[in-house]
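Chemist: quick one, what's the 3D model for this:
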Amino acid sequence: MTRHLLDITDLAPGELRHVLALSTAAPRRLLEGKGVALVFEKPSNRTRHSMEMAVIQMGGHPVYTRGEEIGLDTRETVEDATRIMAGYHSVLAARVFSHSTVERMAACSPVPVVNMLSDRSHPLQALADLVTMKEHVGAPDTLRVAWVGDYNNVARSLAEAVLMLGGSMSFGCPEGYGPGAHEVTRLTALGGSVRDSTDPRAAVDGANVVHTDTWISMGQEAETAARREVFAGYIVDEALMSRAAGGARFMHCMPAHRGEEVSAGVFDGPRSLVIAQGHHRLTAARGALTFLVEAQG
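Modeler: Numbers count the residues shown, from 1 in each chain. As a prediction, the model looks like this:
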């Protein structure tokens with residue numbers, strides 16, 4: 001059966017640990033002479049560079065395509081485009097607005113489909129975050145990770161990954177922008193422990209890692225003024241970081257807005273792991289691709 005990576009939960013906990021091990025291993029040329037389609041409805045600096053270089057390091061040929069070049073569901077259906085690309089490539093990867101797009105791709109693709117970001121999930125970022133934590137902070141199952149701000153796609157995938165490995169997540173999100181009771185129940189069932197609060201200080205108290213993201217994601221520009229007002233008390237600054245555990249580190253998937261979700265002093269300071277985190281997007285891409293190609297046989 002063809003394996004896909006649309007959500008972190010597409011992996012069993014043991015498989016997640018295996019992908020992390022593959023990520024930090026020397027690259028193998030499993031894609032020699034093969035193509036990998038990289039479809040971008042939404043642009044990204046880190047995603048494009050990391051995925052292209054991962055494919056090249058594995059001996060393959062990445063083909064970058066903008067969403068408008070294909071015209072999913074405008075020029076042709078998702079299914080038609082997917083079936084055609086699957087005849088050229090050994091892996092299809094897509095960065096999309098709607099998670100249903102990658103679900104539809106996976107439903108008809110005979111080759112692995114990788115979600116490079118959707119409105120629901122960002123599994124490659126979660127893998128990169130875990131590799132970064134393991135390298136700079138400690139084993140994820142021993143850590144308490146705090147998320148401050150908007151419970152978005154990055155937060156969801158990160159929480160799934162941390163909890164599947166037995167770690168702890170605490171959320172500090174404004175009312176209406178947190179995971180909510182149903183989602184907390186789902187996450188708790190994955191393992192580890194979950195604490196949900198509207199108080200960022202309660203979320204950060206004693207945390208080993210403090211993670212945040214932009215308040216306004218692509219496609220939410222019309223909500224800019226309202227979101228800035230709602231999230232005004234959720235900036236990760238030096239005062240908030242002082243409540244974390246000794247030696248705690250700061251993470252952000254970027255792009256960042258200094259002075260909004262994080263202060264410049266924290267983002268550029270000695271506790272920040274944002275550059276290492278960004279570089280591990282390449283590490284994570286290699287691990288995910290290796291796992292999927294090996295599973296395909």
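Chemist: ok, residue 236 touching residue 266?
Modeler: Yes: Residue 236 is within contact range of residue 266, at 5.6 Å (criterion: CB atoms under 8 Å). Where C-beta positions appear, they are placed from N, C-alpha and C, glycine not excepted.
Chemist: touching both of the two, which residues are there?
Modeler: residue 250 (CB atoms under 8 Å, 6 or more residues apart in numbering).
Chemist: got the buried residues for the helix or strand hosting residue 48?
Modeler: Secondary structure assignment for residue 48, by DSSP states H and E: helix 45-57. In terms of neighbour count (16 or more other CB atoms under 10 Å), helix 45-57 has its buried residues at 46-48, 50-55, 57.
Chemist: and stretch 101-108, by the same measure?
Modeler: 101-106.
Chemist: now the buried residues of helix 45-57 in JSON lines, with pLDDT?
Modeler: Listed next are those as JSON lines, based on pLDDT from 0 to 100:
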{"residue": "46", "pLDDT": "98"}
{"residue": "47", "pLDDT": "98"}
{"residue": "48", "pLDDT": "98"}
{"residue": "50", "pLDDT": "98"}
{"residue": "51", "pLDDT": "98"}
{"residue": "52", "pLDDT": "98"}
{"residue": "53", "pLDDT": "98"}
{"residue": "54", "pLDDT": "98"}
{"residue": "55", "pLDDT": "99"}
{"residue": "57", "pLDDT": "98"}
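Chemist: out of those residues, flag the one nearest to residue 222.
Modeler: residue 47 (23.8 Å; CB to CB).
Chemist: give the contact list for that closest one.
Modeler: Shown in contact with residue 47 (CB under 8 Å, 6+ apart): 40, 95, 116-117, 124, 281.
Chemist: go again using 10 Å as the cut-off
Modeler: Neighbouring residues of residue 47 by CB atoms under 10 Å, 6 or more residues apart in numbering: 38, 40, 93, 95, 116-117, 122, 124-125, 281, 285.
Chemist: no further questions, thank you.
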